[in-house]
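Undergrad: Coordinates for the following, if possible.
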Amino acid sequence: MTDERTDAIGHPHSLTHAAMPPPAPPTASPWEFAPMNEPEEWRQDVPDEKQAVVERAFDTATRGISSFLDHARFGRSPDADAGLPFKATTSLSARPKHGGAIRVFTQSARPGSVGENGHRAAGGESSSTTGRPTGAVPPVIFGAYYVPGSVSDVDQFVGRNAARARWDPFCKSAEVKERHNIACVVVRQEFYPRLLFSGREQWLICAGRRLKNGGSLFVSASLPDAWVPPPAKHLVRSHQLFGAHYVLPRANDCAADDAEAKKRRRANASAFFPKNFATNFASRLANAARGYEAFAPEPLDGSAFTLDRVNAALCPSTAMVSVAQIDLRNGMPRWFYYLVAVQFARVMRNFRRGIVLSKDDERWWDFGSSDGADGASSRGSFGDDKRS
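TA: The predicted structure is shown next:
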């Protein structure tokens, strides 16, 4: 009898083939990260020193997400080959029609990365931040999931910078402090105290890029402390070394995924042997679910989709990779960030729910929302016309 195990992204494989490495990803990256337009909109009226912070975030996000997608799609990546594997950390299950499982991975920080330490390096000034830095550079957290919504649906939601407290239970408030242009803003966020830890605040510069395939890449990074007011005495300023949302157009519809998953479950459920009911039934259902919980999106150049008036791919669903590297400055060791990764999965679940609810019912924003006029104006990512 052949023993079976599963790999890091949930694909079953036989121990008899364990010695065979997965095929190497293509030499040239199949994932689209190039901007659709030059010069990019986010640069307009943005000072050079702030552009440098955004550029570091784009570069770091591109390198990390591209390698992660190679890992998810091909089972192998340049980072893993270099000794920086992506470690499966936690997951939250959901039916395929709702986007399927949200899977979270962690990766050790790349040593000496300028992008990962740019918030401290910019300007060469000393830090005025309170709190205690993490003993080592915090790990990078990756969330991978599908969204039953188009690129434009995601864009509209991400563009609501001031409405984060509407969907993130950890966020006390979010406020746009400076709007450089329609694709680049400075945001101050404040987070509730948790357990023994004080409340946190962070000042982020956020920018969006339309990609050549009709997808999107949103990034954010903390501004250097010398560029922003000092935190209130009851708050500790955390540092988001970088964060990103990568939005990849997807040809599959999540509802079709759900129908296919049902067929597979029925087929596996009817194939068990009566004498081994419990073992076979559980095993086959687990294998069926595993195939749909795995995250392995296809690289798409956008040619399969028509584009709307702001060049977003008109697609039935999207594949998303959300990534963050945050120093909470609470003096905790790196293992503490495992708990942060678990919370990250829950935040991404709320994030996805918000995308779906807001696209289906515009009144979702108004019910109990406190973002007001600023939240409405922040909807216009990449030059969208605002709804009346």
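Undergrad: Now Leu204: closest residue in space, sequence neighbours ignored.
TA: The shortest distance from Leu204 to any residue other than its chain neighbours is 4.5 Å, reached at Ser220 (C-beta to C-beta, 6 or more residues apart in numbering). Glycine gets a C-beta too; all of them are placed from N, C-alpha and C.
Undergrad: again but with Arg346, I slipped
TA: Closest residue to Arg346 apart from its sequence neighbours, by C-beta to C-beta, 6+ apart: Leu92 at 7.1 Å.
Undergrad: What's opposite the one you found in the beta bridge?
TA: Beta-bridge pairing of Leu92, defined through DSSP bridges, involves Ile102.
Undergrad: what residues are up against it?
TA: The contact partners of Leu92, taken as C-beta atoms under 8 Å, 6 or more residues apart in numbering, are Ala101, Ile102, Ala345, Arg346, Arg349.
Undergrad: picking that back up, hang on, the residue nearest to Leu204 in a strand?
TA: Yes. Read with DSSP: H, G, I helix; E, B strand; the rest coil, Ser220 is one of the residues of a strand.
Undergrad: tell me, how many neighbours does Arg95 end up with?
TA: Other residues near Arg95 number 14, with proximity taken as other C-beta atoms under 10 Å.
Undergrad: same thing with Glu49?
TA: Other residues lying near Glu49 total 12 when counted by other C-beta under 10 Å.
Undergrad: Need the three-state assignment for it.
TA: If you use three-state DSSP, then Glu49 falls in the helix class.
Undergrad: follow-up on the earlier one: widest-spaced pair of the contacts of Leu92?
TA: Across the contacts of Leu92, the two members that end up farthest from each other (C-beta to C-beta) are Ala101 and Arg346, 13.2 Å apart.
Undergrad: The two - which one has more neighbours?
TA: Set Ala101 next to Arg346 and count neighbours by other C-beta under 10 Å: Ala101 wins out with 23 against 16.
Undergrad: In space, what's closest to Asn181 - neighbours in sequence excluded?
TA: Asn181's closest residue in space is Gln44 (C-beta to C-beta, 6+ apart), at 4.2 Å.
Undergrad: Strands of the protein, residue ranges please.
TA: For the chain, applying DSSP state E gives strands covering 4-6, 12-14, 87-92, 102-107, 140-147, 171-181, 184-191, 199-210, 216-222, 235-237, 239-250, 317-327.
Undergrad: where does the protein have low pLDDT?
TA: Flagging of the chain using pLDDT under 70 yields the residue ranges 1-27, 112-135, 257-293, 309, 362-388.
Undergrad: give me that answer again for 90
TA: Within the chain, the ranges that satisfy pLDDT under 90 run 1-29, 94-98, 110-137, 194-198, 251-295, 300-304, 307-311, 328-337, 358-388.
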